[in-house]
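Visitor: here are the coordinates; sequence isn't available:
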């Protein structure tokens with residue numbers, strides 16, 4: 001009987017020791033993942049999302065405007081009897097429609113980016129400098145949840161005697177909540193794109209050269 005009891009005690013002791021070792025290994029793996037692997041995943045994912053978001057926005061702009069100069073479609077220049085420029089008229093409905101179309105296209109591109117995920121080499125996840133960038137890729141699926149907003153601004157640049165280059169830029173802000181298997185991060189990217197430009201012959205009124213009045217007209221209706 002004593003031998004049986006001793007055998008049971010030894011068996012239980014071995015079992016508890018095994019469980020304790022497994023627990024230590026599990027805690028060590030979790031700590032290593034939290035302090036070494038997780039920051040790497042977040043850092044690479046953020047850099048990838050920022051880069052791909054800018055590409056998504058650029059692609060959306062080009063797909064909507066179709067590589068055409070739309071300056072004459074959204075801006076009307078009024079002149080007096082002598083040909084002097086008196087004012088600029090912005091077709092706000094068209095401008096805001098343009099902003100919304102680009103916003104929707106950019107949102108779709110970002111959703112596609114999330115479904116494709118981010119590839120990180122296995123060696124990079126180890127946190128060991130010598131193994132960074134080595135080994136097979138592990139794909140982490142992303143869930144980019146966010147919104148797109150657009151604003152416009154313009155600038156006048158001298159292009160010669162009595163000539164001015166008028167450029168209109170679109171500013172696209174993408175606010176993205178990046179949901180990873182291990183963490184959640186909020187990322188904001190700002191992308192400025194030259195939407196259109198035109199060389200204007202004639203003197204530009206100081207009202208437009210020295211103020212944001214034209215920008216205010218371009219952003220009359222938030223998109």
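Guide: Structure received. Fair warning: this is a prediction, and the values are worked out from it, not measured in the lab.
Visitor: switch to C-alpha atoms for all contacts and neighbour counts from now on
Guide: Will do.
Visitor: the helices in this structure, which residues?
Guide: In the chain, the segments counted as helices under DSSP state H are 2-32, 38-65, 71-74, 92-116, 122-125, 206-209, 213-218.
Visitor: to residue 185, which of these lies closest?
Guide: Of all the helices of the chain, helix 38-65 sits nearest to residue 185, with 8.0 Å by Cα to Cα.
Visitor: tell me how far that closest one lies from the chain's centre.
Guide: Taking Cα atoms, centre = their mean, to the nearest Å, the mean C-alpha location of helix 38-65 is offset from the chain mean by 5 Å.
Visitor: which strands or helices does it pack on?
Guide: helix 92-116, strand 118-121, helix 122-125, strand 184-201 (3 or more Cα pairs under 8 Å, 6 or more residues apart in numbering; DSSP states H and E).
Visitor: these: which one's closest to residue 45?
Guide: strand 118-121 (6.5 Å).
Visitor: quick one on the thing from earlier: export the helices of the chain as a markdown table, with columns for distance to residue 148, mean neighbour count and mean pLDDT.
Guide: A markdown table is the format used below for the helices of the chain (distance: least, Cα to Cα, whole Å; neighbours: other Cα atoms under 10 Å; pLDDT from 0 to 100):
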| stretch | distance to residue 148 | mean neighbour count | mean pLDDT |
| --- | --- | --- | --- |
| helix 2-32 | 36 | 12 | 73 |
| helix 38-65 | 10 | 18 | 78 |
| helix 71-74 | 22 | 13 | 84 |
| helix 92-116 | 6 | 18 | 81 |
| helix 122-125 | 32 | 20 | 76 |
| helix 206-209 | 28 | 12 | 72 |
| helix 213-218 | 17 | 18 | 74 |
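Visitor: could you dump these into TSV with distance to residue 81 added?
Guide: As requested, these are exported to TSV (distance: least, Cα to Cα, whole Å):
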stretch	distance to residue 81
helix 2-32	76
helix 38-65	34
helix 71-74	21
helix 92-116	26
helix 122-125	69
helix 206-209	19
helix 213-218	23
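Visitor: to residue 154, which of the ones you listed lies closest?
Guide: For the helices of the chain, proximity to residue 154 was assessed by Cα to Cα; helix 213-218 is nearest, at 6.3 Å.
Visitor: pipe the helices and strands packed on helix 38-65 into JSON lines and attach distance to residue 161 per row.
Guide: As requested, the helices and strands packed on helix 38-65 are arranged in JSON lines below (distance: least, Cα to Cα, whole Å):
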{"stretch": "helix 92-116", "distance to residue 161": "30"}
{"stretch": "strand 118-121", "distance to residue 161": "52"}
{"stretch": "helix 122-125", "distance to residue 161": "57"}
{"stretch": "strand 184-201", "distance to residue 161": "9"}
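Visitor: looking at those, which is closest to residue 32?
Guide: helix 122-125 (10.4 Å).
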